[in-house]
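Participant: Any chance you can model this:
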Amino acid sequence: MSAALFDFPPAGPSARELMARALDPHILLGMPHLNGNGLSETWLMKELGHRHWLMLACHLGLDNADFRTADGEEAYAAICATSLTDTHFDVVQANDILTIHSRLSAVSRTRTSTRHELSVHGRSVGAVELISTFVHRTIKDNNHSIARVTLPEPQGRRFQPSPLAQNAADIRNGRLGTHFGFSVLAHRALRTFKFDPSASQEFNGAGLFYFAQYQALADRALENWFPCKGPIVRKDVFFLGNIDRNESVSFDLIDFSDEQNTVHGQLRRENGKVIAKIFGMWTCLR
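Facilitator: Okay, the predicted model is just below:
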(Lines give C-alpha, C1' and ligand atoms only; values in the text may rest on other atoms or scores of the structure.)
Protein backbone atom coordinates (compact mmCIF):
# COMPACT_ATOMS: atom_id res chain seq x y z
CA MET A 1 0.00 0.00 0.00
CA SER A 2 1.33 3.39 -0.89
CA ALA A 3 0.17 6.88 -0.14
CA ALA A 4 0.53 9.89 -2.35
CA LEU A 5 2.06 12.89 -0.64
CA PHE A 6 0.81 16.30 -1.67
CA ASP A 7 2.86 19.37 -0.81
CA PHE A 8 0.23 22.04 -0.40
CA PRO A 9 1.78 25.53 -0.19
CA PRO A 10 0.95 27.36 3.02
CA ALA A 11 -1.83 29.90 2.78
CA GLY A 12 -0.55 33.41 2.22
CA PRO A 13 -1.39 36.31 4.51
CA SER A 14 -4.82 37.88 4.22
CA ALA A 15 -5.39 41.32 2.73
CA ARG A 16 -6.17 42.60 6.23
CA GLU A 17 -2.83 41.28 7.51
CA LEU A 18 -1.02 42.89 4.57
CA MET A 19 -2.75 46.19 5.26
CA ALA A 20 -1.34 46.10 8.78
CA ARG A 21 2.14 45.41 7.39
CA ALA A 22 1.82 48.27 4.90
CA LEU A 23 1.04 50.60 7.80
CA ASP A 24 4.24 49.72 9.69
CA PRO A 25 5.65 53.09 10.81
CA HIS A 26 9.27 52.31 9.85
CA ILE A 27 10.70 52.26 6.30
CA LEU A 28 14.33 51.56 5.36
CA LEU A 29 15.10 54.12 2.67
CA GLY A 30 16.89 53.39 -0.58
CA MET A 31 16.98 54.65 -4.14
CA PRO A 32 13.21 54.34 -4.84
CA HIS A 33 12.50 56.74 -1.97
CA LEU A 34 15.08 59.43 -2.80
CA ASN A 35 15.98 62.00 -5.42
CA GLY A 36 18.81 64.47 -5.93
CA ASN A 37 17.45 66.67 -3.11
CA GLY A 38 16.94 63.97 -0.46
CA LEU A 39 13.56 62.44 0.28
CA SER A 40 11.41 62.28 -2.87
CA GLU A 41 8.23 64.32 -2.46
CA THR A 42 6.50 62.38 -5.25
CA TRP A 43 7.30 58.98 -3.68
CA LEU A 44 6.24 60.31 -0.26
CA MET A 45 2.86 61.54 -1.48
CA LYS A 46 2.19 58.19 -3.18
CA GLU A 47 3.14 56.32 -0.01
CA LEU A 48 1.04 58.54 2.24
CA GLY A 49 -1.88 58.37 -0.19
CA HIS A 50 -1.68 54.57 0.01
CA ARG A 51 -1.58 54.70 3.81
CA HIS A 52 -4.48 57.14 3.84
CA TRP A 53 -6.66 54.72 1.84
CA LEU A 54 -5.65 51.74 3.99
CA MET A 55 -6.32 53.65 7.21
CA LEU A 56 -9.70 54.69 5.86
CA ALA A 57 -10.53 51.07 4.94
CA CYS A 58 -9.61 49.92 8.45
CA HIS A 59 -11.65 52.76 9.95
CA LEU A 60 -14.68 51.65 7.94
CA GLY A 61 -14.16 48.01 8.98
CA LEU A 62 -13.30 46.76 5.49
CA ASP A 63 -10.95 43.87 4.70
CA ASN A 64 -9.30 45.90 1.92
CA ALA A 65 -9.56 49.32 0.30
CA ASP A 66 -12.31 48.26 -2.13
CA PHE A 67 -14.76 51.11 -1.61
CA ARG A 68 -18.27 50.71 -3.02
CA THR A 69 -21.38 52.85 -3.37
CA ALA A 70 -24.72 51.66 -1.99
CA ASP A 71 -25.53 50.04 -5.34
CA GLY A 72 -22.17 48.24 -5.55
CA GLU A 73 -20.36 50.52 -8.00
CA GLU A 74 -16.71 51.44 -7.49
CA ALA A 75 -15.99 54.53 -5.40
CA TYR A 76 -12.64 56.17 -4.83
CA ALA A 77 -11.23 58.03 -1.84
CA ALA A 78 -10.06 60.98 -3.91
CA ILE A 79 -7.49 63.31 -2.37
CA CYS A 80 -8.91 66.85 -2.42
CA ALA A 81 -6.14 68.69 -0.53
CA THR A 82 -2.60 68.07 0.72
CA SER A 83 -0.28 70.09 2.91
CA LEU A 84 3.45 69.74 3.57
CA THR A 85 4.88 71.73 6.49
CA ASP A 86 8.25 72.19 8.19
CA THR A 87 10.01 69.91 5.72
CA HIS A 88 13.69 68.99 5.88
CA PHE A 89 13.80 66.47 3.04
CA ASP A 90 17.36 67.48 2.09
CA VAL A 91 18.85 65.86 5.24
CA VAL A 92 17.41 62.42 4.40
CA GLN A 93 19.86 59.88 2.94
CA ALA A 94 19.98 56.28 1.75
CA ASN A 95 19.85 53.68 4.55
CA ASP A 96 18.10 56.11 6.90
CA ILE A 97 15.00 54.77 8.62
CA LEU A 98 11.98 56.98 8.01
CA THR A 99 9.38 56.81 10.78
CA ILE A 100 5.81 57.78 9.95
CA HIS A 101 3.37 58.31 12.81
CA SER A 102 -0.15 58.66 11.42
CA ARG A 103 -3.61 59.43 12.75
CA LEU A 104 -7.01 59.60 11.08
CA SER A 105 -9.93 61.86 11.88
CA ALA A 106 -13.29 62.53 10.26
CA VAL A 107 -13.68 66.14 9.16
CA SER A 108 -17.30 65.87 8.02
CA ARG A 109 -19.77 63.26 6.74
CA THR A 110 -17.94 63.23 3.39
CA ARG A 111 -14.32 64.20 4.19
CA THR A 112 -11.53 62.45 6.09
CA SER A 113 -8.13 63.73 7.23
CA THR A 114 -4.94 61.81 7.92
CA ARG A 115 -1.95 63.53 9.51
CA HIS A 116 1.52 62.06 9.23
CA GLU A 117 4.52 63.09 11.35
CA LEU A 118 7.83 62.22 9.64
CA SER A 119 11.13 61.69 11.45
CA VAL A 120 14.61 60.26 10.86
CA HIS A 121 16.91 59.35 13.79
CA GLY A 122 14.38 60.99 16.10
CA ARG A 123 14.55 64.30 14.21
CA SER A 124 11.43 65.71 12.58
CA VAL A 125 11.75 66.05 8.79
CA GLY A 126 8.23 67.28 8.15
CA ALA A 127 4.51 66.82 8.59
CA VAL A 128 1.87 66.03 5.98
CA GLU A 129 -1.92 66.22 6.00
CA LEU A 130 -4.17 64.67 3.36
CA ILE A 131 -7.90 65.32 2.97
CA SER A 132 -10.05 62.92 0.95
CA THR A 133 -13.65 62.64 -0.14
CA PHE A 134 -15.40 59.71 -1.81
CA VAL A 135 -16.16 60.14 -5.51
CA HIS A 136 -17.39 58.10 -8.47
CA ARG A 137 -17.80 58.62 -12.20
CA THR A 138 -21.29 59.63 -13.28
CA ILE A 139 -20.32 58.78 -16.88
CA LYS A 140 -18.34 55.58 -17.53
CA ASP A 141 -14.63 56.18 -18.29
CA ASN A 142 -15.13 59.97 -18.21
CA ASN A 143 -12.82 61.66 -15.69
CA HIS A 144 -14.60 64.98 -16.19
CA SER A 145 -17.74 63.42 -14.68
CA ILE A 146 -16.23 62.77 -11.24
CA ALA A 147 -18.74 63.62 -8.50
CA ARG A 148 -18.89 63.17 -4.75
CA VAL A 149 -20.74 60.26 -3.23
CA THR A 150 -21.56 59.38 0.39
CA LEU A 151 -20.59 55.93 1.70
CA PRO A 152 -21.89 54.24 4.86
CA GLU A 153 -19.98 55.42 7.90
CA PRO A 154 -19.39 54.11 11.42
CA GLN A 155 -21.94 55.03 14.07
CA GLY A 156 -21.03 57.69 16.59
CA ARG A 157 -18.46 59.29 14.30
CA ARG A 158 -17.03 62.48 15.81
CA PHE A 159 -15.83 65.26 13.57
CA GLN A 160 -12.53 67.09 14.12
CA PRO A 161 -11.74 70.56 12.71
CA SER A 162 -9.14 70.86 9.94
CA PRO A 163 -8.00 74.28 8.67
CA LEU A 164 -6.74 72.57 5.49
CA ALA A 165 -10.17 71.06 4.81
CA GLN A 166 -11.81 74.42 5.49
CA ASN A 167 -9.43 76.18 3.09
CA ALA A 168 -10.13 73.52 0.46
CA ALA A 169 -13.89 74.06 0.79
CA ASP A 170 -13.48 77.85 0.69
CA ILE A 171 -11.29 77.71 -2.43
CA ARG A 172 -13.75 75.40 -4.18
CA ASN A 173 -16.62 77.76 -3.35
CA GLY A 174 -14.72 80.99 -4.09
CA ARG A 175 -14.79 82.17 -0.46
CA LEU A 176 -11.03 82.31 0.27
CA GLY A 177 -9.45 85.63 -0.70
CA THR A 178 -5.74 85.06 -0.03
CA HIS A 179 -3.39 82.18 0.70
CA PHE A 180 0.39 82.39 1.24
CA GLY A 181 -0.12 86.14 0.72
CA PHE A 182 -1.43 85.65 -2.85
CA SER A 183 -4.85 86.38 -4.30
CA VAL A 184 -6.56 83.01 -4.65
CA LEU A 185 -8.95 84.33 -7.30
CA ALA A 186 -6.15 85.56 -9.61
CA HIS A 187 -5.97 83.52 -12.82
CA ARG A 188 -3.85 85.55 -15.27
CA ALA A 189 -0.70 83.57 -16.03
CA LEU A 190 2.79 85.09 -15.99
CA ARG A 191 4.16 81.94 -17.67
CA THR A 192 2.68 78.66 -18.85
CA PHE A 193 4.19 75.19 -19.25
CA LYS A 194 2.20 72.59 -21.22
CA PHE A 195 2.41 68.83 -20.59
CA ASP A 196 1.13 65.72 -22.32
CA PRO A 197 0.78 63.24 -19.44
CA SER A 198 1.58 59.59 -20.05
CA ALA A 199 -1.22 57.07 -19.50
CA SER A 200 1.34 54.48 -18.36
CA GLN A 201 3.22 56.77 -15.97
CA GLU A 202 0.93 59.43 -14.55
CA PHE A 203 -2.49 57.77 -14.29
CA ASN A 204 -3.35 55.39 -11.46
CA GLY A 205 -5.04 52.00 -11.44
CA ALA A 206 -8.46 53.64 -11.36
CA GLY A 207 -7.68 55.43 -14.62
CA LEU A 208 -7.47 58.83 -12.89
CA PHE A 209 -4.66 61.36 -13.18
CA TYR A 210 -2.78 60.48 -9.98
CA PHE A 211 -2.89 63.15 -7.28
CA ALA A 212 0.86 62.86 -6.62
CA GLN A 213 1.55 63.84 -10.25
CA TYR A 214 -0.09 67.26 -9.88
CA GLN A 215 2.77 68.58 -7.77
CA ALA A 216 5.32 66.62 -9.83
CA LEU A 217 4.27 68.41 -13.04
CA ALA A 218 4.29 71.75 -11.23
CA ASP A 219 7.85 71.09 -10.00
CA ARG A 220 9.02 70.31 -13.54
CA ALA A 221 7.72 73.68 -14.72
CA LEU A 222 9.16 75.58 -11.75
CA GLU A 223 12.59 73.98 -12.18
CA ASN A 224 12.56 75.19 -15.78
CA TRP A 225 11.81 78.77 -14.70
CA PHE A 226 13.76 78.77 -11.40
CA PRO A 227 16.79 76.48 -11.98
CA CYS A 228 18.25 77.33 -8.55
CA LYS A 229 15.07 76.47 -6.62
CA GLY A 230 16.08 75.19 -3.18
CA PRO A 231 14.51 72.43 -1.05
CA ILE A 232 10.79 72.63 -0.36
CA VAL A 233 9.74 74.11 3.00
CA ARG A 234 5.95 74.15 2.72
CA LYS A 235 3.36 73.34 0.06
CA ASP A 236 -0.43 73.29 -0.11
CA VAL A 237 -2.26 71.71 -3.08
CA PHE A 238 -6.01 71.96 -3.60
CA PHE A 239 -7.52 69.55 -6.17
CA LEU A 240 -10.49 70.76 -8.18
CA GLY A 241 -10.83 68.26 -11.02
CA ASN A 242 -9.23 65.58 -13.17
CA ILE A 243 -8.28 64.98 -16.80
CA ASP A 244 -8.93 62.24 -19.33
CA ARG A 245 -6.25 60.15 -20.98
CA ASN A 246 -4.63 61.75 -24.02
CA GLU A 247 -5.57 65.19 -22.69
CA SER A 248 -2.90 67.84 -22.20
CA VAL A 249 -2.60 69.86 -18.99
CA SER A 250 -0.93 73.22 -18.41
CA PHE A 251 0.74 74.67 -15.34
CA ASP A 252 0.31 78.46 -15.01
CA LEU A 253 2.62 80.56 -12.86
CA ILE A 254 0.17 83.06 -11.39
CA ASP A 255 2.45 84.94 -9.00
CA PHE A 256 5.67 84.58 -7.03
CA SER A 257 7.63 86.45 -4.34
CA ASP A 258 11.42 86.71 -4.43
CA GLU A 259 11.45 87.96 -0.83
CA GLN A 260 9.31 85.16 0.59
CA ASN A 261 10.46 82.45 -1.89
CA THR A 262 6.82 81.59 -2.50
CA VAL A 263 4.83 80.66 -5.59
CA HIS A 264 1.17 80.56 -6.57
CA GLY A 265 0.34 78.38 -9.56
CA GLN A 266 -2.50 76.40 -11.06
CA LEU A 267 -3.05 73.37 -13.26
CA ARG A 268 -5.76 73.55 -15.91
CA ARG A 269 -7.01 71.23 -18.58
CA GLU A 270 -7.47 71.90 -22.31
CA ASN A 271 -10.88 73.55 -21.92
CA GLY A 272 -9.47 76.07 -19.45
CA LYS A 273 -10.98 74.58 -16.29
CA VAL A 274 -8.63 74.85 -13.31
CA ILE A 275 -8.07 71.42 -11.76
CA ALA A 276 -5.63 72.42 -8.98
CA LYS A 277 -4.36 75.43 -7.07
CA ILE A 278 -0.78 75.08 -5.79
CA PHE A 279 0.99 77.26 -3.22
CA GLY A 280 4.61 76.56 -2.30
CA MET A 281 7.55 77.91 -0.30
CA TRP A 282 11.20 76.99 -0.86
CA THR A 283 14.45 77.81 0.94
CA CYS A 284 15.40 79.90 -2.09
CA LEU A 285 13.81 80.74 -5.44
CA ARG A 286 15.87 82.17 -8.28
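
Participant: Which other helices and strands does the longest helix along the chain contact?
Facilitator: Secondary structure of the chain read by DSSP state H shows that its longest helix is helix 41-59. If contacts are counted by 3 or more CB pairs under 8 Å, 6 or more residues apart in numbering; DSSP states H and E, helix 41-59 sits against helix 15-22, strand 34-35, strand 76-85, strand 97-106, strand 111-120, strand 123-137, helix 211-225. For the C-beta atoms, the positions are set from N, CA and C on the backbone; glycine is no exception.

Participant: next structured bit after whichever helix or strand Phe251 is part of?
Facilitator: Element membership of Phe251 [criterion: DSSP states H and E] is strand 249-257. Counting by DSSP H and E, the next helix or strand C-terminal to strand 249-257 is strand 262-269.

Participant: Show the average pLDDT along that following strand.
Facilitator: Averaged over strand 262-269, pLDDT sits at 97.

Participant: that older thread, could the helices and strands packed on helix 41-59 go into JSON lines alongside distance to Phe180 and mean pLDDT?
Facilitator: Below are the helices and strands packed on helix 41-59 laid out as JSON lines (distance: least, CB to CB, whole Å; pLDDT from 0 to 100):
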{"stretch": "helix 15-22", "distance to Phe180": "33", "mean pLDDT": "91"}
{"stretch": "strand 34-35", "distance to Phe180": "24", "mean pLDDT": "96"}
{"stretch": "strand 76-85", "distance to Phe180": "11", "mean pLDDT": "96"}
{"stretch": "strand 97-106", "distance to Phe180": "25", "mean pLDDT": "97"}
{"stretch": "strand 111-120", "distance to Phe180": "20", "mean pLDDT": "97"}
{"stretch": "strand 123-137", "distance to Phe180": "16", "mean pLDDT": "96"}
{"stretch": "helix 211-225", "distance to Phe180": "14", "mean pLDDT": "96"}
